[in-house]
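Visitor: give me coordinates for this.
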Amino acid sequence: MPAQRKSPAASGEDAGRGRRPTVQDQLIELIVDLDLDPGEALPPEPELMRTLGVSRNSVREALKGLQALGIVDIRHGYGTYVGTPQLRSLAPGLLFHTRLAVRRDNPRGLLDIVEVRALLESGLIRRSALELADADIARLRAELDALAADGDAGRAGHDRRFHELLYEPLGNALVLQLIALFWDVYRQVETEVGKPHTDQGQVVRQHRQVLEAVAAHDPDAAAARIAEHFADITARFDRWTGSAGQAAVAPA
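Guide: Modelled structure (predicted):
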């Protein structure tokens, strides 16, 4: 038997006890109560106005705010739809604060991004070692071969794709978005401050060690290899920040 539906206002009060629900709160509760899936259309504006008892401007401003959060997608001339799960709306704020930290003589603000990725991947790599099939391993080998063949010029793209292929078969879309988010922010800030020297041969060897542990379906070895990979990045970063000094973070 389906649960009894509440009015949007009542639901908003339950969700935010102690404060009056905003129009955004009520819209969120309405979407949940209507059981709309990502990509499904919200009721038209006049219906939202009647349901919530607010003005057209209030509805429009609330929808704009929800669009900025990725909760809805406003398609002009077509209507408003439930947004698909995306974390890219976090990128501008994360990028801004990382850039600010780096420019305030704290280049280790960039290293924070690496450490978050290390935490994510150190847990996931065990599942990869247990669950990846032969076809998944073959795709990883092909990407690693491309990384080795293309040298410095293609490193960033192949490196990123290799890590994506490690975790895509696990089916956790949220994790993939998080890894992509931190990767994108890191690369953008890196272009401003320069980056530690990276030996191409060493990068290939480290990724090959990770791959061989995963291919052997050895979760302990895979976790150890990915930990070594990120520890090396951290060590190179520490050496770089120690020698680069203020010149590395001075605005151009």
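
Visitor: and the longest helix for this structure?
Guide: Taking DSSP state H as the criterion, the chain has its longest helix at helix 134-167.

Visitor: where does this structure have low pLDDT?
Guide: Within the chain, the segments meeting pLDDT under 70 span 1-18, 105-107, 193-197, 240-252.

Visitor: can you tell me the SS state at the residue positioned nearest the centre of the chain?
Guide: In the chain, the centroid-proximal residue (Cα atoms, centre = their mean) is residue 178; its distance is 2.3 Å. Classification of residue 178 using DSSP: H, G, I helix; E, B strand; the rest coil returns helix.

Visitor: what helix or strand is residue 74 on?
Guide: Using DSSP states H and E, residue 74 maps to strand 72-75.

Visitor: does anything pack onto that strand? Which helices or strands?
Guide: On a contact count with 3 or more Cβ pairs under 8 Å, 6 or more residues apart in numbering; DSSP states H and E, strand 72-75 meets helix 56-68, strand 79-82. C-beta: built from backbone N, CA, C; applies to glycine.

Visitor: pick the most deeply packed of the ones you listed.
Guide: Most buried of the helices and strands packed on strand 72-75 by mean neighbour count (mean count of other Cβ atoms under 10 Å) is strand 79-82; its value is a mean of 18.

Visitor: circling back to that earlier point, quick check: the residue nearest to the centre of the chain touching residue 85?
Guide: No. The pair residue 178 / residue 85 is not scored as a contact, 11.5 Å apart, by Cβ atoms under 8 Å.

Visitor: skipping adjacent residues, who's closest to residue 226 in space?
Guide: residue 125 (4.6 Å; Cβ to Cβ, 6 or more residues apart in numbering).

Visitor: and the one you found, its phi and psi?
Guide: phi -60, psi -30 (degrees, to the nearest 10).

Visitor: ok, it - contacts?
Guide: 166, 210, 214, 219, 222-223, 225-226 (Cβ atoms under 8 Å, 6 or more residues apart in numbering).

Visitor: do that again at 10 Å, thanks
Guide: Contacts for residue 125 (Cβ atoms under 10 Å, 6 or more residues apart in numbering) come out as 163, 166-167, 210, 213-214, 219, 221-227, 229.

Visitor: now, which of the residues you listed sits nearest residue 186?
Guide: residue 163 (12.1 Å; Cβ to Cβ).
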